[in-house]
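# Sharing a model prediction with you, sequence too.
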Amino acid sequence: MFRDAVSLAAPFWRSDERWRACGLLSVILALNIALVGIEVLITLCLGALFNALAAKDWAGFISILLTWRVSADEDFRAITPGFALLAAIDVVFTTYALYLQQALQIRWRHWLTEAALDTWFAGRAYYRLTLSGVAADNPDQRIAEDVRLFVDNSLGLGIGLLRSVLTLVTFVALLWSLSKPFRVFGIAIPGYLVWVALLYSALGSTLAHLAGRRLIALNYLQQKAEANFRAGLFRVRENAESIGFYEGEHEELTELRQRFSRVIYNWRAIMAATKRLTFFTSAFGQIPLVFPYAVAAPAYFAGYIPLGGIVQTANAFVKVQGALSWIVSNYAVISGWCATVARLAGFRDAIEAANAPGECPQVNVGDRGEIGVSGLSLTLPDGHVLLENATFRIAAGSRVLLSGPSGSGKTTLFRAISGLLNFGSGSIAAPNTDRMFLPQEPYIPAGTLKRAVCYPQPGDQFPDEAVAAALNEVGLGRLAPRLDEADVWERHLSGGEKQRLALARVLLNRPRWLFMDEATSNLDEQAEAHFYETVLARLPEATVISIAHRERLARFHHYLLRLHDGRAALLDLKTSSDLAVD
């Protein structure tokens with residue numbers, strides 16, 4: 001767990017942000033060191049206050065309460081700051097320590113989120129994770145929520161631990177000096193209160209771990225259950241129309257209730273584990289409130305120490321015991337942090353596994369005048385062979401109709417050409433520029449209508465007039481006045497309108513290589529013919545490769561590439577001659 005945490009944190013502290021981050025961290029640590037010093041002075045101040053009370057010294061009481069006190073020793077005149085002054089400094093330092101810690105948190109989170117996004121998109125890992133079968137559920141939650149928790153808890157726990165160590169070192173010295181030797185079986189034990197605090201805290205930490213160790217696994221499962229429930233709600237929202245047509249409300253509601261029941265079941269387990277831990281930590285925290293007074297009271301009643309001395313002793317004991325009991329006090333937070341580290345490390349490992357080199361088609365991209373496929377075999381993640389040892393070439397400017405039974409590997413071939421597939425063997429020579437893939441269900445990003453039409457280019461890539469003209473040409477002219485209107489346009493467009501919008505993208509981007517995967521399946525025969533006629537008229541030199549099941553589309557193509565029983569056959573539609581090398 002510690003190695004994973006270090007490997008997740010180290011890149012930020014070695015990045016270009018390290019100097020600003022180290023500067024902020026240095027100031028934060030300096031403020032926390034100063035706050036520990038202020039705690040020591042407040043402890044001494046409390047001793048002086050109670051001594052003044054015991055002596056009924058009104059002037060001394062007021063001076064140590066509001067301003068400062070000067071010692072009466074003529075050889076060494078020390079000034080002890082008053083409680084009000086110390087409290088004011090403590091408030092200012094505490095406020096700025098928290099403010100700067102939050103500034104460091106947002107810098108670290110920003111950098112780590114950017115790095116996680118870059119890693120997720122690099123090598124198209126966001127897609128490969130869906131095919132690889134590795135465990136990386138809900139990457140959205142891991143990037144958005146787990147990164148935040150990791151940063152916040154790492155800083156909070158780290159600074160808290162450092163402050164506890166400083167408190168321990170400082171107050172141990174004070175408690176040692178205040179502890180009179182204690183005799184056990186005739187043996188004098190110096191600084192016995194220090195040893196009592198040490199043994200008490202060691203026992204408490206051990207028992208706290210035994211009482212709360214299940215929380216680590218339970219917190220991991222809770223984060224997963226919560227994310228799965230949110231993902232189910234998201235799927236219902238995104239597929240509301242299909243669910244409505246199927247009248248699948250009962251099935252969806254049952255599934256959501258099952259997912260939420262796992263949230264409740266695991267939460268009840270967390271409640272039980274937290275109850276045991278809280279029962280112990282609460283009892284553990286009560287004893288130090290009176291224990292130091294009890295052990296120091298005999299010396300006070302015997303006149304060995306003043307009232308202020310017993311107050312100082314009690315306060316120093318509480319500080320030492322609290323520092324030694326840092327694990328007990330923060331066990332619930334530590335368990336949540338461990339779960340977060342495990343999820344982020346698992347996400348990183350899953351991406352590395354998905355992008356790991358293995359047997360897959362070698363895609364050689366470049367400014368080529370053809371698509372060359374040599375010895376290509378395509379398989380599914382489960383090992384099922386779709387295509388075996390296929391070899392063919394498609395020259396630039398050709399129009400090819402790709403057909404075959406469902407499941408024969410047509411879409412998988414497109415994935416291989418685009419570099420998305422990492423299962424199979426063989427080689428593909430493919431263009432790397434001026435190409436566009438149109439899936440059956442076009443992706444419509446949220447935002448303005450202009451952004452949706454111009455995708456994957458940014459909206460400012462094309463003037464409004466050109467975008468409006470493209471919409472008019474594909475039969476969506478009614479939407480042209482709404483280019484700057486932001487909405488979730490996917491919900492307002494029918495399947496056919498989405499495919500028309502995809503054609504508008506083609507007209508704007510003008511690719512030299514166009515791959516269409518049943519891109520006209522939602523259009524009627526007349527609209528489909530207009531779709532192809534528009535593409536061929538506006539992009540006469542483009543290479544067009546279409547996946548379709550409708551025979552009438554053959555008239556818009558030069559060749560037929562048929563996939564069947566793991567074989568590929570390329571047929572010239574003009575001469576009906578077989579051009580394939582199987």
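Cool, got the structure. Since we're looking at a predicted model, the values are computed, not measured.

# Parallel or antiparallel, list what pairs with the host helix or strand of residue 363.
Here residue 363, judged by DSSP states H and E, is contained in strand 362-366. Paired with strand 362-366 in the same sheet, following DSSP bridges, are strand 424-431 (parallel).

# residue ranges of the helices in the stretch 51-200 of the chain, please?
Remark: helices assigned in the stretch 51-200 of the chain by DSSP state H, counting those that start in this stretch are 58-66, 83-121, 125-132, 139-141, 147-178, 192-212.

# Adding mean neighbour count, write the ones you listed out as TSV.
C-beta here means a position set from N, CA and C on the backbone, and glycine is covered the same way. Listed next are those as TSV, based on neighbours: other C-beta atoms under 10 Å:
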stretch	mean neighbour count
helix 58-66	15
helix 83-121	15
helix 125-132	17
helix 139-141	17
helix 147-178	19
helix 192-212	18
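
# Of all the ones you listed, which one is nearest residue 351?
For the helices of the stretch 51-200 of the chain, proximity to residue 351 was assessed by C-beta to C-beta; helix 125-132 is nearest, at 4.6 Å.

# quick revisit: quick one, which of the helices of the stretch 51-200 of the chain is nearest to residue 3?
Taking the helices of the stretch 51-200 of the chain one by one with C-beta to C-beta, helix 147-178 is closest: 14.2 Å.

# just checking, what packs against that closest one?
In terms of contacts (3 or more C-beta pairs under 8 Å, 6 or more residues apart in numbering; DSSP states H and E), helix 147-178 is packed against helix 2-13, helix 18-55, helix 83-121, helix 192-212, helix 307-324, helix 326-329, helix 331-354.

# same question for the next helix or strand after the strand holding residue 363, mean pLDDT?
Using DSSP H and E, the helix or strand that follows strand 362-366 in sequence is strand 370-379. The predicted model assigns strand 370-379 a mean pLDDT of 85.

# now what about the helix or strand harbouring residue 221, what contacts it?
Following DSSP H and E, the helix or strand that holds residue 221 is helix 214-238. Outside helix 214-238, the residues that touch it by C-beta atoms under 8 Å, 6 or more residues apart in numbering are 137-138, 140-141, 145-146, 243, 252, 255-256, 259-260, 262-263, 266-267, 269-270, 273-274, 277, 331-332, 335-336, 338-340, 342-343.

# what's the answer for stretch 464-476, then?
For stretch 464-476, the surrounding residues in contact (C-beta under 8 Å, 6+ apart) are 450, 453-454, 477, 479-480, 483, 497, 500-501, 503-505, 507-508, 527, 530-531, 534.

# Report the buried members of those residues.
Using 16 or more other C-beta atoms under 10 Å as the burial test, those include 450, 453-454, 479-480, 483, 497, 500-501, 503-505, 507-508, 527, 530-531, 534 as buried.

# So residue 383: helix, strand or coil?
State at residue 383, reduced to three classes by DSSP: H, G, I helix; E, B strand; the rest coil: coil.

# The one 3 residues further on too?
Under three-state DSSP, the three-state class of residue 386 is strand.

# same question for stretch 178-193, mean pLDDT?
The pLDDT scores in stretch 178-193 average 66.

# got it, and stretch 343-356?
82.

# Can you list the buried residues in it?
343, 344, 345, 346, 347, 348, 350, 351, 353, 354, 355.

# So what touches that stretch?
Residues outside stretch 343-356 that contact it (C-beta under 8 Å, 6+ apart): 4, 7-8, 116, 119-120, 122-123, 125, 128-129, 131-132, 134-136, 139, 142-143, 146-147, 150, 220, 223-224, 422.

# Surely residue 402 is within a strand?
Yes - secondary structure of residue 402 (three-state DSSP): part of a strand.

# Surely it touches residue 412?
No - counting by C-beta atoms under 8 Å, residue 402 does not reach residue 412; the two are 11.1 Å apart.
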